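Colleague: Provide a 3D model corresponding to the input given below.
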Amino acid sequence: MDFSDDTVNYLESKGTLEILSQIGSEGECRHFDLRHTVIVSSSTITNRLNKGVKLGLLDHTIVHIDGDRTEKGYELTEKGHQIYGIIQNTGLPQKYKERKELEENINHSEHKVLQIIN
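Modeller: Numbers count the residues shown, from 1 in each chain. Next up is the predicted model:
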């Protein structure tokens with residue numbers, strides 16, 4: 001596969017592969033969903049989503065929430081699916097899930113320590 005330098009630079013940016021992995025696994029994600037599943041800041045998510053759309057890896061979608069309310073969602077384009085296939089073949093989706101669970105366990109243990117100290 002031949003990707004532009006801009007695309008390669010984007011993929012090398014912190015959080016990009018994790019965001020693409022999550023969207024590929026879920027099929028469609030909102031910014032809100034990603035904030036609770038990936039380990040990067042909200043502003044990083046926003047930047048990566050916008051750049052992914054600009055590079056043609058992601059498409060905007062409209063997600064219907066609670067009746068008439070809608071939010072912007074994101075899904076992979078054909079080019080994004082090509083990259084997701086590579087991500088899947090390396091086992092990254094499972095590793096990201098395990099890392100998230102480990103982070104949650106660490107946070108829980110830290111909270112316990114602080115409760116005992118206080």
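Colleague: backbone torsions only: list them for Gly67.
Modeller: phi 80, psi -120 (degrees, to the nearest 10).
Colleague: show the pLDDT at it.
Modeller: In this model, Gly67 is scored at 78, pLDDT.
Colleague: I'd guessed Leu55 sits against Asp5; true?
Modeller: No: Leu55 is beyond contact range of Asp5, at 11.0 Å (criterion: CB atoms under 8 Å). To be clear about C-beta, it is placed using only N, CA and C from the backbone, and glycine gets the same treatment.
Colleague: of those two, which one has the most company?
Modeller: Leu55 (18 against 7; other CB atoms under 10 Å).
Colleague: and that one, what does it touch?
Modeller: 4, 6-7, 10 (CB atoms under 8 Å, 6 or more residues apart in numbering).
Colleague: who wins on neighbours among the residues you listed?
Modeller: Of all the contacts of Leu55, the highest neighbour tally under other CB under 10 Å goes to Tyr10, namely 20 neighbours.
Colleague: for that one, what are its contacts?
Modeller: 16, 48, 51-52, 55, 57.
Colleague: gap between Ser109 and Ile116?
Modeller: Distance of Ser109 to Ile116, computed by CB to CB, to the nearest Å: 11 Å.
Colleague: equivalent analysis for Glu103, please.
Modeller: Glu103 is 21 Å from Ile116, by CB to CB.
Colleague: give me the more crowded residue out of those two.
Modeller: Neighbour count, other CB under 10 Å: between Glu103 and Ile116, Glu103 has more, with 11 against 7.
Colleague: so what's the more buried one closest to, chain neighbours aside?
Modeller: Among residues not flanking Glu103 along the chain, Ile39 sits closest, at 6.3 Å (CB to CB, 6 or more residues apart in numbering).
Colleague: helix/strand/coil for that neighbour?
Modeller: Secondary structure, DSSP: H, G, I helix; E, B strand; the rest coil: Ile39 is coil.
Colleague: over to Glu71?
Modeller: strand.
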